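Asker: Build me a model:
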Amino acid sequence: MADPLLLALAIPAAFQPISVVVTASRLLPNDCLQTLKRAAMARSAKSRPLDLRATVRIPHGIMVRSKELPDFRAIARDLSMNGIRLEMTGAVAKGQPIPLTLDLDLVNISLKVNGEVVWVRKTGEKGKYEAGFRFVWPTPGTSESFQHYIRLVKDSLEGLT
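Answerer: Residues are numbered from 1 along each chain as shown. Next comes the predicted model:
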């Protein structure tokens, strides 16, 4: 049996450190990710979830509308090519598919996408919730349009620094 290998994660100070001991000879890359996800889920419910997004997250607030959202709207707190984190006045169900209309303020257009709720949590503010959505792109053109918007947001943020 191989010696245990300690996986150290570089995570922001706001998170509690996680150490996972695994046997290197029996672990494939996908197994590592599953082990890390289980370790993250085992942490306290009060701590923030480990960021496992596959693409870069950009802090940017836009209005998001849907008949299936509480009060029919939410505010994006950050976004990426694969998903979006929304703040809203009520909870949504994990796994729920929700059609979303993203109001892209920098270009003054609305983009319709499908979202799937990946996680939900109550914030510290009374009656407020956050939820993470994974995008399901209806067409390649929609995905490309959003990718151009992401670049525009990145460029505008870099201009501020």
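
Asker: Quick one: mean pLDDT for whichever strand or helix holds D103?
Answerer: Assigned by DSSP states H and E, D103 belongs to strand 97-104. Strand 97-104 carries an average pLDDT of 96.

Asker: same question for the lengthiest helix in the chain, mean pLDDT?
Answerer: Secondary structure of the chain per DSSP state H: the longest helix is helix 140-160. Summarised as a single mean, pLDDT over helix 140-160 is 87.

Asker: angle of that helix against strand 97-104?
Answerer: For helix 140-160 against strand 97-104, the angle by axes from the mean of the first three to the mean of the last three Cα atoms, to 10 degrees is 50 degrees.

Asker: Summarise which helices and strands helix 140-160 is packed against.
Answerer: Helix 140-160 sits against strand 58-59, strand 109-122, with contacts defined as 3 or more Cβ pairs under 8 Å, 6 or more residues apart in numbering; DSSP states H and E. Yep, even glycine has a C-beta here, placed from its N, CA and C like the rest.
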